[in-house]
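Enquirer: Requesting a structural model of the entry that follows:
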Amino acid sequence: MGAAVVAVIIRKEKDLVAHFRVARAIDAASALAPGALGVEQRHAWERLVERAVIREAAPGAYYLDELTWGALRRTRRRMAVVLLLLFAVLFPMLFLLK
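Expert: Residues are numbered from 1 along each chain as shown. Sure, this is the predicted structure:
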């Protein structure tokens, strides 16, 4: 259940990023209002604003920070690899302990 929720959140974040890219709102000079981008300010939006992936250039005008988005994706990939490695090491130990 938890993995499905995470997958949905990540999908929504990617959709938001795509809206910014299509609109070319990728720097302060090209910042747009959420309505002009055709997006809603919901959970995925708030997560990306908190992580500075979506930045406010002027009141009500936002843009995508591509560098921060890339850094967030790399961090998530590293975390996934670490978790998979931990699982690969710990899971067989469960059978050895029986």
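Enquirer: From Leu94, how far out is Ser30?
Expert: Separation of Ser30 from Leu94 (C-beta to C-beta, to the nearest Å): 52 Å. Bear in mind the C-beta positions are built from the backbone N, C-alpha and C, glycine included.
Enquirer: and if you look at Ile54?
Expert: 42 Å.
Enquirer: what do you get for Leu83?
Expert: 16 Å.
Enquirer: ok so, going back, out of Ser30 and Leu94, which sits in the busier spot?
Expert: When neighbours are counted by other C-beta atoms under 10 Å, Ser30 and Leu94 differ, and Ser30 comes out ahead with 14 against 8.
Enquirer: quick one, helices of the chain?
Expert: Secondary structure of the chain (DSSP state H): helices at 2-23, 34-37, 43-50, 66-96.
Enquirer: Which of the ones you listed sits closest to Pro59?
Expert: helix 34-37 (12.3 Å; C-beta to C-beta).
Enquirer: what comes up buried for that closest one?
Expert: Neighbour-count burial for helix 34-37, counted by 16 or more other C-beta atoms under 10 Å, picks out 34, 37.
Enquirer: As CSV, the helices of the chain with distance to Ala58 and mean pLDDT would be great.
Expert: Rendered in CSV, the data for the helices of the chain read as follows (distance: least, C-beta to C-beta, whole Å; pLDDT from 0 to 100):
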stretch, distance to Ala58, mean pLDDT
helix 2-23, 16, 91
helix 34-37, 13, 92
helix 43-50, 15, 94
helix 66-96, 18, 89
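Enquirer: tell me the contacts of the residue nearest in space to the middle of the chain?
Expert: Nearest to the geometric centre of the chain sits Glu13, at 4.8 Å (C-alpha atoms, centre = their mean). Shown in contact with Glu13 (C-beta atoms under 8 Å, 6 or more residues apart in numbering): 44, 47-48, 53.
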